[in-house]
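J.: build the 3D model from these lines:
(chains A and B)
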Amino acid sequence: MRKGLMVAIVVFLSIMSSRLVEAAEYLSYQDSSFEHKGMRYLDDYTQEMYDKYYEKVEKRKFWGWRTYTAYKTEPVNYTKETLYMIHNEGTSAITETFRFETGKTVKKQFNVSGSLALEGSVPIDKFKLGLEQKLDHSITAIVTDTMEEEITIKVNVDPGTRLLVQIKGEGEVSNGVAAYYVFWRRVRLGGWEVFTVTTEYYSIVKEWIPA
Amino acid sequence: MKWLYFSLILAFAGLSVILHLREEEPLVLITHPRVYSFYYSDPLERIRLDVLSNKTDDFRLYVDYVEQVEIANEETSLAFQLDRISIGEPFQWDNQTMAVVSWYLAPEVVLSNSQIDIKQANLIVTYGNGSQVTLAIGDVHYLFSPSGSSSMALGGVKALYEDIDGIESVSAIQVDLVNRTNDILHVTNIALVASAVSTYPAMIRTDVTCEDGWTVADCLGLEGYVFDLPAVDEEISVLLTPHQTRTILVPLLYERPTPFHRFAIVVSYRINGIAQQMVIDDFPYLSTSPFQVDYEPWYVRHVID
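T.: Residues are numbered from 1 along each chain as shown, chains lettered A, B, ... in the order given. Presented below is the predicted three-dimensional model:
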(Lines give C-alpha, C1' and ligand atoms only; values in the text may rest on other atoms or scores of the structure.)
Protein backbone atom coordinates (compact mmCIF):
# COMPACT_ATOMS: atom_id res chain seq x y z
CA MET A 1 0.00 0.00 0.00
CA ARG A 2 2.79 2.35 1.06
CA LYS A 3 4.86 1.43 -2.02
CA GLY A 4 1.86 2.09 -4.26
CA LEU A 5 1.38 5.49 -2.70
CA MET A 6 5.07 6.35 -3.22
CA VAL A 7 4.88 5.28 -6.88
CA ALA A 8 1.76 7.40 -7.33
CA ILE A 9 3.51 10.43 -5.82
CA VAL A 10 6.59 9.90 -8.02
CA VAL A 11 4.41 9.60 -11.15
CA PHE A 12 2.44 12.68 -10.08
CA LEU A 13 5.59 14.72 -9.51
CA SER A 14 7.14 13.61 -12.80
CA ILE A 15 3.99 14.73 -14.66
CA MET A 16 4.37 18.09 -12.95
CA SER A 17 8.01 18.40 -14.01
CA SER A 18 9.33 20.81 -16.60
CA ARG A 19 8.97 20.65 -20.37
CA LEU A 20 10.70 22.37 -23.20
CA VAL A 21 9.04 25.65 -24.04
CA GLU A 22 9.05 27.25 -27.45
CA ALA A 23 9.97 30.91 -27.73
CA ALA A 24 7.09 33.36 -27.87
CA GLU A 25 6.55 35.31 -31.11
CA TYR A 26 7.25 38.69 -29.52
CA LEU A 27 10.85 37.71 -28.84
CA SER A 28 11.45 37.62 -32.59
CA TYR A 29 10.16 41.11 -33.43
CA GLN A 30 12.51 43.22 -35.57
CA ASP A 31 13.27 45.57 -32.73
CA SER A 32 11.78 46.50 -29.42
CA SER A 33 12.63 49.05 -26.78
CA PHE A 34 11.27 49.68 -23.32
CA GLU A 35 9.98 53.11 -22.45
CA HIS A 36 11.78 53.01 -19.09
CA LYS A 37 15.43 52.23 -18.58
CA GLY A 38 16.40 49.19 -16.51
CA MET A 39 13.51 47.00 -17.61
CA ARG A 40 14.40 43.48 -18.74
CA TYR A 41 12.74 40.62 -20.57
CA LEU A 42 12.60 37.33 -18.70
CA ASP A 43 15.18 35.90 -21.09
CA ASP A 44 17.61 38.60 -19.94
CA TYR A 45 17.25 37.90 -16.20
CA THR A 46 20.62 37.28 -14.55
CA GLN A 47 21.18 34.49 -12.02
CA GLU A 48 21.48 37.18 -9.33
CA MET A 49 18.01 38.44 -10.24
CA TYR A 50 16.57 34.93 -10.06
CA ASP A 51 18.23 34.33 -6.67
CA LYS A 52 16.84 37.61 -5.33
CA TYR A 53 13.31 37.04 -6.63
CA TYR A 54 13.14 33.36 -5.64
CA GLU A 55 13.55 34.48 -2.03
CA LYS A 56 10.14 36.13 -2.35
CA VAL A 57 8.39 32.85 -3.17
CA GLU A 58 10.29 30.37 -1.04
CA LYS A 59 7.91 30.34 1.94
CA ARG A 60 6.21 26.95 1.75
CA LYS A 61 2.45 26.52 1.54
CA PHE A 62 0.09 23.56 1.59
CA TRP A 63 -1.01 23.81 -2.03
CA GLY A 64 -0.89 26.31 -4.86
CA TRP A 65 1.08 29.23 -6.23
CA ARG A 66 3.29 31.84 -4.65
CA THR A 67 4.08 34.60 -7.13
CA TYR A 68 6.31 37.64 -7.23
CA THR A 69 6.00 40.38 -9.85
CA ALA A 70 9.30 42.09 -10.63
CA TYR A 71 8.10 44.33 -13.46
CA LYS A 72 4.45 45.16 -13.97
CA THR A 73 2.88 46.33 -17.27
CA GLU A 74 6.04 48.07 -18.51
CA PRO A 75 5.40 49.85 -21.84
CA VAL A 76 7.40 48.59 -24.82
CA ASN A 77 7.53 49.78 -28.45
CA TYR A 78 8.28 47.39 -31.27
CA THR A 79 8.39 46.98 -35.03
CA LYS A 80 7.16 43.75 -36.49
CA GLU A 81 8.20 42.19 -39.71
CA THR A 82 7.28 44.44 -42.61
CA LEU A 83 4.74 43.00 -45.01
CA TYR A 84 5.97 43.62 -48.54
CA MET A 85 3.04 43.81 -50.83
CA ILE A 86 3.61 45.06 -54.36
CA HIS A 87 6.81 45.53 -56.38
CA ASN A 88 6.80 47.38 -59.68
CA GLU A 89 10.05 46.72 -61.49
CA GLY A 90 8.55 47.66 -64.84
CA THR A 91 8.71 50.97 -66.67
CA SER A 92 5.14 52.17 -66.24
CA ALA A 93 2.91 52.72 -63.24
CA ILE A 94 0.50 49.98 -62.23
CA THR A 95 -2.65 50.06 -60.17
CA GLU A 96 -3.23 47.03 -58.01
CA THR A 97 -5.82 45.96 -55.52
CA PHE A 98 -4.27 43.97 -52.75
CA ARG A 99 -5.86 41.98 -50.04
CA PHE A 100 -4.25 40.54 -46.96
CA GLU A 101 -5.07 39.34 -43.50
CA THR A 102 -3.17 39.76 -40.29
CA GLY A 103 -4.85 36.85 -38.57
CA LYS A 104 -1.77 35.53 -36.85
CA THR A 105 -1.17 38.54 -34.67
CA VAL A 106 -1.27 37.47 -31.07
CA LYS A 107 -2.55 39.94 -28.52
CA LYS A 108 -1.32 38.18 -25.41
CA GLN A 109 1.73 35.98 -25.28
CA PHE A 110 3.52 34.11 -22.54
CA ASN A 111 7.04 33.00 -21.77
CA VAL A 112 8.38 30.89 -18.93
CA SER A 113 11.68 29.68 -17.54
CA GLY A 114 12.82 27.07 -15.03
CA SER A 115 10.21 24.42 -14.37
CA LEU A 116 7.17 26.57 -15.11
CA ALA A 117 5.26 25.44 -18.16
CA LEU A 118 2.82 26.56 -20.80
CA GLU A 119 -0.06 24.69 -22.27
CA GLY A 120 -2.05 24.98 -25.47
CA SER A 121 -0.79 25.21 -29.00
CA VAL A 122 1.78 27.81 -29.90
CA PRO A 123 1.27 30.75 -30.22
CA ILE A 124 -1.92 30.68 -28.16
CA ASP A 125 -0.44 29.46 -24.93
CA LYS A 126 -1.40 29.94 -21.38
CA PHE A 127 0.34 29.15 -18.14
CA LYS A 128 -0.19 25.72 -16.69
CA LEU A 129 -1.87 25.17 -13.34
CA GLY A 130 -3.84 28.41 -13.45
CA LEU A 131 -0.91 30.75 -12.79
CA GLU A 132 -2.60 33.50 -14.86
CA GLN A 133 -5.48 33.71 -12.38
CA LYS A 134 -2.98 34.34 -9.57
CA LEU A 135 -1.47 37.38 -11.27
CA ASP A 136 -2.74 40.91 -10.88
CA HIS A 137 -5.80 41.76 -13.01
CA SER A 138 -3.97 44.60 -14.79
CA ILE A 139 -1.29 42.18 -16.04
CA THR A 140 -3.71 39.87 -17.81
CA ALA A 141 -6.70 42.12 -18.52
CA ILE A 142 -5.94 42.94 -22.15
CA VAL A 143 -7.81 40.37 -24.12
CA THR A 144 -8.33 38.54 -27.40
CA ASP A 145 -5.91 36.12 -28.84
CA THR A 146 -5.88 37.09 -32.47
CA MET A 147 -6.75 40.10 -34.52
CA GLU A 148 -8.13 39.20 -37.88
CA GLU A 149 -7.74 42.37 -39.86
CA GLU A 150 -8.85 41.82 -43.44
CA ILE A 151 -7.58 44.61 -45.64
CA THR A 152 -8.44 45.22 -49.27
CA ILE A 153 -7.06 48.37 -50.83
CA LYS A 154 -6.39 49.74 -54.30
CA VAL A 155 -3.10 51.57 -54.77
CA ASN A 156 -0.89 53.04 -57.44
CA VAL A 157 2.66 51.73 -57.69
CA ASP A 158 5.12 53.84 -59.64
CA PRO A 159 7.83 52.16 -61.72
CA GLY A 160 10.91 51.24 -59.67
CA THR A 161 9.05 51.40 -56.39
CA ARG A 162 7.39 49.00 -54.01
CA LEU A 163 4.53 49.48 -51.63
CA LEU A 164 4.73 47.86 -48.27
CA VAL A 165 2.57 47.67 -45.20
CA GLN A 166 4.42 48.42 -42.01
CA ILE A 167 3.23 47.37 -38.60
CA LYS A 168 4.55 49.11 -35.53
CA GLY A 169 3.16 48.58 -32.10
CA GLU A 170 3.05 49.21 -28.41
CA GLY A 171 2.69 46.60 -25.73
CA GLU A 172 3.12 45.91 -22.07
CA VAL A 173 5.47 43.44 -20.48
CA SER A 174 5.11 42.00 -17.00
CA ASN A 175 7.37 39.39 -15.53
CA GLY A 176 8.48 37.79 -12.29
CA VAL A 177 8.87 34.43 -10.65
CA ALA A 178 6.52 31.85 -9.21
CA ALA A 179 6.63 28.63 -7.22
CA TYR A 180 3.98 25.91 -7.01
CA TYR A 181 3.58 23.86 -3.86
CA VAL A 182 1.96 20.47 -3.33
CA PHE A 183 1.72 19.23 0.28
CA TRP A 184 4.27 21.93 1.31
CA ARG A 185 6.67 20.56 -1.27
CA ARG A 186 7.83 22.90 -4.03
CA VAL A 187 7.26 21.13 -7.34
CA ARG A 188 7.73 24.03 -9.72
CA LEU A 189 9.94 27.08 -9.68
CA GLY A 190 10.79 29.52 -12.44
CA GLY A 191 10.13 32.78 -14.19
CA TRP A 192 6.99 33.91 -15.98
CA GLU A 193 6.34 36.70 -18.46
CA VAL A 194 3.22 38.12 -20.04
CA PHE A 195 3.45 40.28 -23.18
CA THR A 196 0.30 42.05 -24.24
CA VAL A 197 -0.17 44.07 -27.39
CA THR A 198 -2.00 47.27 -26.58
CA THR A 199 -1.92 49.00 -29.96
CA GLU A 200 -0.69 48.33 -33.48
CA TYR A 201 -0.19 51.00 -36.12
CA TYR A 202 -0.53 50.24 -39.82
CA SER A 203 0.70 52.31 -42.73
CA ILE A 204 1.21 51.90 -46.46
CA VAL A 205 4.59 53.23 -47.46
CA LYS A 206 6.19 53.68 -50.84
CA GLU A 207 9.91 52.87 -51.20
CA TRP A 208 12.35 52.86 -54.10
CA ILE A 209 13.45 49.34 -54.99
CA PRO A 210 17.19 49.15 -54.23
CA ALA A 211 19.29 48.79 -57.36
CA MET B 1 -22.58 4.61 12.78
CA LYS B 2 -25.68 4.13 10.68
CA TRP B 3 -26.93 7.57 11.57
CA LEU B 4 -23.67 9.04 10.25
CA TYR B 5 -24.09 7.36 6.83
CA PHE B 6 -27.72 8.38 6.79
CA SER B 7 -26.84 12.04 7.57
CA LEU B 8 -24.15 12.06 4.88
CA ILE B 9 -26.52 10.68 2.25
CA LEU B 10 -29.14 13.22 3.31
CA ALA B 11 -26.60 16.07 3.09
CA PHE B 12 -25.50 15.00 -0.42
CA ALA B 13 -29.10 14.70 -1.56
CA GLY B 14 -29.89 18.15 -0.17
CA LEU B 15 -26.82 19.68 -1.82
CA SER B 16 -27.75 18.10 -5.19
CA VAL B 17 -31.26 19.55 -4.96
CA ILE B 18 -29.87 23.00 -4.08
CA LEU B 19 -27.39 22.87 -7.00
CA HIS B 20 -30.15 21.86 -9.41
CA LEU B 21 -32.50 24.52 -8.15
CA ARG B 22 -29.83 27.26 -8.26
CA GLU B 23 -30.82 29.77 -10.87
CA GLU B 24 -28.63 29.70 -13.93
CA GLU B 25 -26.60 32.85 -14.48
CA PRO B 26 -27.99 34.99 -17.30
CA LEU B 27 -26.00 35.63 -20.45
CA VAL B 28 -24.13 38.93 -20.13
CA LEU B 29 -22.91 40.60 -23.31
CA ILE B 30 -20.77 43.74 -23.05
CA THR B 31 -20.26 46.12 -25.96
CA HIS B 32 -18.11 49.20 -26.37
CA PRO B 33 -20.06 51.50 -28.71
CA ARG B 34 -17.88 53.30 -31.24
CA VAL B 35 -17.94 54.78 -34.75
CA TYR B 36 -17.72 52.19 -37.53
CA SER B 37 -16.86 53.25 -41.08
CA PHE B 38 -17.06 50.66 -43.85
CA TYR B 39 -16.67 50.71 -47.60
CA TYR B 40 -18.09 47.85 -49.64
CA SER B 41 -15.31 47.02 -52.09
CA ASP B 42 -15.27 43.25 -52.27
CA PRO B 43 -18.04 40.63 -52.03
CA LEU B 44 -15.73 38.49 -49.89
CA GLU B 45 -15.10 41.08 -47.21
CA ARG B 46 -16.85 40.84 -43.86
CA ILE B 47 -17.30 43.38 -41.11
CA ARG B 48 -16.43 42.31 -37.58
CA LEU B 49 -18.21 43.34 -34.39
CA ASP B 50 -16.69 42.30 -31.05
CA VAL B 51 -18.69 41.58 -27.92
CA LEU B 52 -17.51 40.43 -24.50
CA SER B 53 -19.48 37.45 -23.15
CA ASN B 54 -19.63 35.69 -19.79
CA LYS B 55 -20.51 32.42 -21.55
CA THR B 56 -19.07 30.54 -24.48
CA ASP B 57 -21.63 27.73 -24.76
CA ASP B 58 -24.87 29.73 -24.92
CA PHE B 59 -27.00 28.90 -27.98
CA ARG B 60 -27.21 32.60 -28.81
CA LEU B 61 -23.52 32.52 -29.72
CA TYR B 62 -23.92 29.86 -32.39
CA VAL B 63 -24.67 30.54 -36.06
CA ASP B 64 -27.06 27.61 -36.44
CA TYR B 65 -29.63 29.18 -34.13
CA VAL B 66 -29.57 32.61 -35.76
CA GLU B 67 -32.48 33.45 -38.04
CA GLN B 68 -31.85 37.07 -38.93
CA VAL B 69 -29.30 39.85 -38.26
CA GLU B 70 -29.72 43.57 -38.77
CA ILE B 71 -28.03 46.79 -37.74
CA ALA B 72 -30.68 49.37 -37.10
CA ASN B 73 -31.87 52.43 -35.26
CA GLU B 74 -35.40 53.85 -35.20
CA GLU B 75 -35.15 55.27 -38.73
CA THR B 76 -32.82 53.00 -40.67
CA SER B 77 -32.14 49.30 -40.90
CA LEU B 78 -29.55 47.32 -42.84
CA ALA B 79 -29.89 43.54 -43.05
CA PHE B 80 -26.81 41.34 -42.84
CA GLN B 81 -25.92 37.73 -43.41
CA LEU B 82 -24.15 36.15 -40.48
CA ASP B 83 -21.03 34.57 -41.93
CA ARG B 84 -19.60 33.18 -38.70
CA ILE B 85 -19.17 33.75 -35.00
CA SER B 86 -15.77 33.17 -33.46
CA ILE B 87 -15.32 32.76 -29.73
CA GLY B 88 -11.93 33.64 -28.21
CA GLU B 89 -10.11 31.97 -25.36
CA PRO B 90 -11.78 32.60 -21.98
CA PHE B 91 -9.90 34.94 -19.64
CA GLN B 92 -10.40 36.48 -16.23
CA TRP B 93 -12.16 39.85 -16.21
CA ASP B 94 -13.35 41.50 -13.03
CA ASN B 95 -13.34 38.15 -11.20
CA GLN B 96 -15.38 36.36 -13.81
CA THR B 97 -14.52 34.31 -16.83
CA MET B 98 -15.21 36.17 -20.06
CA ALA B 99 -14.47 35.68 -23.75
CA VAL B 100 -14.49 37.91 -26.80
CA VAL B 101 -17.16 36.90 -29.28
CA SER B 102 -16.66 38.22 -32.82
CA TRP B 103 -19.58 38.46 -35.24
CA TYR B 104 -18.62 38.43 -38.92
CA LEU B 105 -21.29 39.98 -41.12
CA ALA B 106 -21.82 40.61 -44.82
CA PRO B 107 -24.50 42.99 -46.15
CA GLU B 108 -27.61 41.17 -47.30
CA VAL B 109 -28.14 43.66 -50.11
CA VAL B 110 -25.54 45.64 -52.04
CA LEU B 111 -26.69 49.12 -52.96
CA SER B 112 -25.47 50.79 -56.12
CA ASN B 113 -24.31 54.20 -55.02
CA SER B 114 -25.30 55.36 -51.58
CA GLN B 115 -24.08 55.83 -48.04
CA ILE B 116 -26.08 54.34 -45.16
CA ASP B 117 -25.66 56.19 -41.87
CA ILE B 118 -27.10 54.52 -38.77
CA LYS B 119 -26.40 56.60 -35.67
CA GLN B 120 -26.72 55.00 -32.24
CA ALA B 121 -27.20 51.68 -33.95
CA ASN B 122 -28.13 48.35 -32.42
CA LEU B 123 -27.05 44.94 -33.57
CA ILE B 124 -30.34 43.04 -33.53
CA VAL B 125 -30.12 39.26 -33.71
CA THR B 126 -33.29 37.18 -34.06
CA TYR B 127 -33.17 33.46 -33.26
CA GLY B 128 -35.16 30.51 -34.56
CA ASN B 129 -37.18 30.32 -31.34
CA GLY B 130 -38.34 33.91 -31.78
CA SER B 131 -36.09 35.42 -29.08
CA GLN B 132 -34.06 38.50 -29.86
CA VAL B 133 -30.81 40.06 -28.64
CA THR B 134 -30.32 43.81 -29.07
CA LEU B 135 -26.82 45.22 -28.52
CA ALA B 136 -25.83 48.90 -28.60
CA ILE B 137 -22.82 49.16 -30.93
CA GLY B 138 -22.50 52.89 -31.77
CA ASP B 139 -22.65 54.67 -35.13
CA VAL B 140 -22.40 52.59 -38.30
CA HIS B 141 -21.61 54.16 -41.69
CA TYR B 142 -21.55 51.99 -44.80
CA LEU B 143 -20.57 53.34 -48.20
CA PHE B 144 -21.63 51.53 -51.36
CA SER B 145 -19.98 53.19 -54.33
CA PRO B 146 -17.69 52.47 -57.27
CA SER B 147 -14.09 53.08 -56.20
CA GLY B 148 -13.72 55.87 -58.76
CA SER B 149 -12.07 56.58 -62.09
CA SER B 150 -8.47 55.76 -62.85
CA SER B 151 -7.42 59.43 -63.11
CA MET B 152 -6.29 59.48 -59.49
CA ALA B 153 -4.58 56.79 -57.45
CA LEU B 154 -3.45 56.31 -53.90
CA GLY B 155 0.33 56.30 -53.49
CA GLY B 156 0.51 55.65 -49.76
CA VAL B 157 -1.22 56.42 -46.51
CA LYS B 158 -0.29 56.72 -42.86
CA ALA B 159 -1.71 58.29 -39.74
CA LEU B 160 -0.69 60.41 -36.78
CA TYR B 161 -1.79 59.24 -33.35
CA GLU B 162 -2.62 61.12 -30.17
CA ASP B 163 -4.38 60.52 -26.91
CA ILE B 164 -7.77 62.24 -27.22
CA ASP B 165 -9.67 62.26 -23.91
CA GLY B 166 -8.02 59.06 -22.75
CA ILE B 167 -8.44 57.15 -26.00
CA GLU B 168 -5.52 56.38 -28.27
CA SER B 169 -6.84 57.94 -31.49
CA VAL B 170 -5.99 58.74 -35.08
CA SER B 171 -5.40 62.50 -34.99
CA ALA B 172 -4.64 63.02 -38.70
CA ILE B 173 -4.04 61.10 -41.87
CA GLN B 174 -1.35 61.70 -44.44
CA VAL B 175 -2.23 60.56 -47.95
CA ASP B 176 -0.14 60.48 -51.10
CA LEU B 177 -2.40 61.27 -54.06
CA VAL B 178 -1.18 60.50 -57.55
CA ASN B 179 -2.37 62.24 -60.71
CA ARG B 180 -2.27 59.56 -63.41
CA THR B 181 -3.30 61.83 -66.27
CA ASN B 182 -1.83 64.50 -68.51
CA ASP B 183 -4.38 66.96 -67.14
CA ILE B 184 -4.54 69.00 -63.97
CA LEU B 185 -6.55 67.47 -61.11
CA HIS B 186 -8.25 69.81 -58.70
CA VAL B 187 -8.90 68.16 -55.31
CA THR B 188 -11.98 69.80 -53.79
CA ASN B 189 -12.74 67.68 -50.74
CA ILE B 190 -11.34 64.92 -48.56
CA ALA B 191 -14.07 63.46 -46.35
CA LEU B 192 -14.45 60.54 -43.98
CA VAL B 193 -17.25 57.99 -44.23
CA ALA B 194 -18.49 59.02 -40.79
CA SER B 195 -20.21 61.93 -39.09
CA ALA B 196 -19.02 62.02 -35.47
CA VAL B 197 -15.46 62.24 -36.79
CA SER B 198 -14.64 64.51 -39.70
CA THR B 199 -11.78 66.16 -41.51
CA TYR B 200 -10.87 69.80 -40.79
CA PRO B 201 -10.70 71.48 -44.25
CA ALA B 202 -9.16 74.74 -43.00
CA MET B 203 -6.22 72.81 -41.53
CA ILE B 204 -5.47 70.58 -44.52
CA ARG B 205 -1.88 71.14 -45.68
CA THR B 206 0.14 69.89 -48.63
CA ASP B 207 3.73 68.71 -48.75
CA VAL B 208 4.19 68.79 -44.97
CA THR B 209 6.69 66.37 -43.50
CA CYS B 210 5.64 64.73 -40.25
CA GLU B 211 7.93 62.42 -38.33
CA ASP B 212 6.73 59.34 -36.44
CA GLY B 213 5.41 60.34 -33.03
CA TRP B 214 4.60 63.92 -34.04
CA THR B 215 1.31 65.50 -33.06
CA VAL B 216 -0.95 67.44 -35.43
CA ALA B 217 0.24 70.65 -33.80
CA ASP B 218 3.88 69.63 -34.40
CA CYS B 219 3.18 69.06 -38.10
CA LEU B 220 1.23 72.30 -38.50
CA GLY B 221 3.77 74.30 -36.52
CA LEU B 222 1.10 75.36 -34.03
CA GLU B 223 1.23 75.57 -30.26
CA GLY B 224 -1.85 73.39 -29.94
CA TYR B 225 -4.67 71.77 -31.86
CA VAL B 226 -8.28 71.42 -30.65
CA PHE B 227 -10.03 68.19 -31.67
CA ASP B 228 -13.58 68.91 -30.53
CA LEU B 229 -14.46 71.89 -32.74
CA PRO B 230 -17.75 71.65 -34.69
CA ALA B 231 -17.39 70.03 -38.11
CA VAL B 232 -17.22 72.43 -41.06
CA ASP B 233 -18.24 71.40 -44.55
CA GLU B 234 -16.18 73.52 -46.92
CA GLU B 235 -14.24 72.92 -50.11
CA ILE B 236 -10.48 72.70 -50.27
CA SER B 237 -8.28 73.49 -53.24
CA VAL B 238 -5.27 71.34 -53.99
CA LEU B 239 -3.89 71.09 -57.51
CA LEU B 240 -2.05 68.09 -58.87
CA THR B 241 -0.12 68.76 -62.06
CA PRO B 242 0.16 65.93 -64.66
CA HIS B 243 1.65 62.78 -63.08
CA GLN B 244 2.41 64.62 -59.87
CA THR B 245 2.24 62.93 -56.45
CA ARG B 246 1.40 65.16 -53.51
CA THR B 247 1.35 64.36 -49.82
CA ILE B 248 -1.64 65.85 -48.03
CA LEU B 249 -1.95 66.14 -44.27
CA VAL B 250 -5.60 65.86 -43.16
CA PRO B 251 -6.23 66.67 -39.47
CA LEU B 252 -9.37 65.22 -37.88
CA LEU B 253 -12.09 66.60 -35.60
CA TYR B 254 -13.95 64.49 -33.04
CA GLU B 255 -17.51 65.33 -31.98
CA ARG B 256 -16.94 63.11 -28.92
CA PRO B 257 -14.16 60.81 -27.74
CA THR B 258 -14.60 57.46 -29.47
CA PRO B 259 -12.44 54.67 -30.83
CA PHE B 260 -12.26 55.36 -34.57
CA HIS B 261 -9.47 53.25 -35.90
CA ARG B 262 -10.54 51.83 -39.22
CA PHE B 263 -12.31 54.02 -41.73
CA ALA B 264 -12.93 54.85 -45.38
CA ILE B 265 -12.11 58.16 -47.04
CA VAL B 266 -13.64 59.82 -50.12
CA VAL B 267 -11.45 62.16 -52.18
CA SER B 268 -13.46 64.45 -54.48
CA TYR B 269 -11.73 66.16 -57.40
CA ARG B 270 -12.37 67.77 -60.74
CA ILE B 271 -10.71 66.98 -64.04
CA ASN B 272 -11.55 69.13 -67.05
CA GLY B 273 -14.48 70.51 -65.08
CA ILE B 274 -15.97 67.06 -64.44
CA ALA B 275 -16.48 65.98 -60.83
CA GLN B 276 -14.95 62.61 -59.93
CA GLN B 277 -14.15 60.78 -56.74
CA MET B 278 -11.73 58.20 -55.42
CA VAL B 279 -12.60 56.04 -52.43
CA ILE B 280 -9.83 54.88 -50.11
CA ASP B 281 -11.02 51.59 -48.68
CA ASP B 282 -11.45 51.25 -44.95
CA PHE B 283 -7.93 50.70 -43.64
CA PRO B 284 -7.00 49.81 -40.03
CA TYR B 285 -4.75 52.76 -39.18
CA LEU B 286 -4.73 51.64 -35.59
CA SER B 287 -5.60 48.38 -33.97
CA THR B 288 -6.11 47.98 -30.25
CA SER B 289 -7.65 45.35 -28.10
CA PRO B 290 -11.40 46.07 -28.19
CA PHE B 291 -11.72 45.60 -24.45
CA GLN B 292 -9.25 47.30 -22.13
CA VAL B 293 -9.30 48.50 -18.55
CA ASP B 294 -9.12 52.12 -19.78
CA TYR B 295 -12.30 51.69 -21.83
CA GLU B 296 -14.46 50.33 -19.00
CA PRO B 297 -16.38 53.61 -18.42
CA TRP B 298 -17.79 53.38 -21.97
CA TYR B 299 -18.95 49.77 -21.77
CA VAL B 300 -22.61 48.90 -22.16
CA ARG B 301 -23.67 45.79 -20.26
CA HIS B 302 -26.58 43.79 -21.70
CA VAL B 303 -28.11 41.15 -19.45
CA ILE B 304 -29.98 38.64 -21.62
CA ASP B 305 -32.55 36.46 -19.83
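J.: make it CA atoms for all contacts and neighbour counts henceforth
T.: OK.
J.: where does chain A have low pLDDT?
T.: A:1-25, A:28, A:81, A:84, A:99-107, A:119-126, A:133-134, A:136-150 (pLDDT under 70).
J.: ranges for the helices of it?
T.: A:2-15, A:47-54, A:131-134, A:137-140 (DSSP state H).
J.: again with the stretch 201-305 of chain B
T.: B:216-220 (DSSP state H, counting those that start in this stretch).
J.: what pairs with the helix or strand harbouring B:Thr188, parallel or antiparallel?
T.: Per DSSP states H and E: B:Thr188 is located in strand B:185-192. Taking DSSP bridges as the criterion, strand B:185-192 pairs within the sheet with strand B:238-240 (antiparallel), strand B:262-271 (antiparallel).
J.: Throw those into TSV and include mean pLDDT, thanks.
T.: Output for those, formatted as TSV (pLDDT from 0 to 100):
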stretch	mean pLDDT
strand B:238-240	96
strand B:262-271	95
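J.: pick out the residue nearest the middle of the chain.
T.: Since no chain was named, I'll use chain A. Centrality entry for chain A: nearest residue to the mean C-alpha point is A:Gln109, 3.0 Å, by C-alpha atoms, centre = their mean.
J.: the chain in question should be chain B.
T.: In chain B, the residue lying closest to the centroid (C-alpha atoms, centre = their mean) is B:Tyr36, at 3.1 Å.
J.: wait, that residue sits on B:Ala264?
T.: No: the criterion here is C-alpha atoms under 8 Å, and B:Tyr36 misses it with B:Ala264 at 9.6 Å.
J.: shared neighbours, those two?
T.: Here B:Tyr36 and B:Ala264 share no contacting residue, scored by C-alpha atoms under 8 Å, 6 or more residues apart in numbering or on different chains.
J.: which non-adjacent residue is nearest A:Val182?
T.: Nearest-residue entry for A:Val182: A:Trp63, 4.7 Å, with adjacent residues in sequence omitted and distances by C-alpha to C-alpha, 6 or more residues apart in numbering or on different chains.
J.: so the residue lying closest to A:Ser203 once chain neighbours are set aside bridges to which residues?
T.: Once its chain neighbours are removed from consideration, A:Ser203 has its nearest residue in B:Lys158; the separation is 4.5 Å (C-alpha to C-alpha, 6+ apart). When assigned by DSSP bridges, B:Lys158 has beta-bridge partners B:Gln174.
J.: bridging residues for A:Val173?
T.: Partner residues in beta bridges with A:Val173: A:Glu74, A:Phe195, with DSSP bridges as the criterion.
J.: wait, it touches A:Glu193, no?
T.: Yes: because the distance of 7.1 Å satisfies C-alpha under 8 Å, A:Val173 is recorded as touching A:Glu193.
J.: quick one, the helix or strand containing B:Tyr36 and strand B:262-271 angle?
T.: For B:Tyr36, the element it lies in under DSSP H and E is strand B:34-40. Computed by axes from the mean of the first three to the mean of the last three C-alpha atoms, to 10 degrees, the angle separating strand B:34-40 from strand B:262-271 equals 50 degrees.
J.: now strand B:34-40: average pLDDT?
T.: Throughout strand B:34-40, pLDDT has a mean value of 94.
J.: mind listing what the residue nearest to A:Ser203 touches?
T.: Going by C-alpha under 8 Å, 6+ apart, B:Lys158 touches A:202-205, B:173-175, B:285.
J.: for the stretch 151-300 of chain B, which residues are neighbours of chain A?
T.: For the stretch 151-300 of chain B, the residues found near chain A under the criterion C-alpha under 8 Å from any C-alpha of the partner chain are B:153-159, B:178, B:280-293.
J.: take those and keep only those in strands.
T.: Among these, the residues falling in strands (DSSP state E) are B:153-159, B:178, B:280-284, B:286-288.
J.: mind picking the two most distant members of the residues you listed?
T.: Of all pairs drawn from those, the one with the longest distance (C-alpha to C-alpha) is B:Val178 and B:Thr288, at 30.4 Å.
J.: ok, now which ones touch the residue nearest to B:Ile190 when sequence neighbours are not counted?
T.: In space, not counting the residues next to it along the chain, B:Ile190 is nearest to B:Val267; the distance is 4.6 Å by C-alpha to C-alpha, 6+ apart. For B:Val267, the contacting residues are B:187-191, B:277-280, taking C-alpha under 8 Å, 6+ apart as the criterion.
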